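S.K.: what's the 3D shape of this:
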Amino acid sequence: MAFWVYILQCADGSYYTGHTDNLEYRIGCHQAGEVPGYTAQRRPVVLKYAQECATRIEALQAERQVKGWSRAKKEAVIVRDFERMSVLAKKTFPAK
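M.R.: Predicted coordinates for the structure are as follows:
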């Protein structure tokens, strides 16, 4: 069984990240407003990115990781600009 982490773009331009074991069904539920919470009031939604994971744990971990990313990094993964993702992944620390 495959699991998925996905990014939706909502009608207001914001992004929602989730995970599921049935991508088509879950997107349909979001689209129909059947998923309470964030996307219910921000429809319609558009699937912008999906990544297959081997286990539910991997998908959940990937979801948590993506939720911590900046908007710029999410947009880089959506367009598969891995060079930009690499740049955005580097942390900068203030000089002492």
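S.K.: can you name the element that comes right after the longest helix seen in the chain?
M.R.: The single longest helix within the chain, with elements called by DSSP state H, is helix 56-67. Following helix 56-67 in sequence order, the next helix or strand is helix 71-78 (DSSP states H and E).
S.K.: sort out which residues of that next one are buried, please.
M.R.: 73-77 (16 or more other CB atoms under 10 Å). In this view, the C-beta of every residue, glycine as well, is placed from N, C-alpha and C.
S.K.: what of stretch 10-18?
M.R.: Neighbour-count burial for stretch 10-18 [16+ other CB under 10 Å]: 10, 15-18.
S.K.: what about it, start to end distance?
M.R.: By CA to CA, to the nearest Å, the extent of stretch 10-18 from end to end equals 13 Å.
S.K.: so what's the gap between that stretch and the chain middle?
M.R.: Mean-position distance between stretch 10-18 and its chain equals 9 Å (CA atoms, centre = their mean, to the nearest Å).
S.K.: contacts for it, please.
M.R.: Residues from elsewhere that reach stretch 10-18 (CB atoms under 8 Å, 6 or more residues apart in numbering): 5-9, 26, 30, 38-39, 42-45, 48, 63, 66-67, 71, 74.
S.K.: what about the residue nearest to Ala89 when sequence neighbours are not counted, distance to Thr20?
M.R.: Leaving out its chain neighbours, the residue that sits closest to Ala89 by CB to CB, 6 or more residues apart in numbering is Lys73, at 7.2 Å. Remark: distance between Lys73 and Thr20 (CB to CB, to the nearest Å) = 22 Å.
S.K.: now Ala50
M.R.: Distance of Ala50 to Thr20, computed by CB to CB: 9 Å.
S.K.: over to Cys10?
M.R.: 17 Å.
S.K.: dump the helix or strand containing Ile7 to CSV, restricted to CA.
M.R.: Ile7 belongs to strand 3-9 when assigned by DSSP H and E. Presented in CSV, the C-alpha positions along strand 3-9 are these (Å, rounded to 0.1, in the frame of the first residue of the first chain):
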residue,chain,number,x,y,z
PHE,A,3,1.0,6.5,1.2
TRP,A,4,1.3,10.1,0.1
VAL,A,5,2.3,13.5,1.4
TYR,A,6,0.7,16.3,-0.6
ILE,A,7,0.5,20.1,-0.9
LEU,A,8,-2.8,21.8,-2.0
GLN,A,9,-3.1,25.4,-3.0
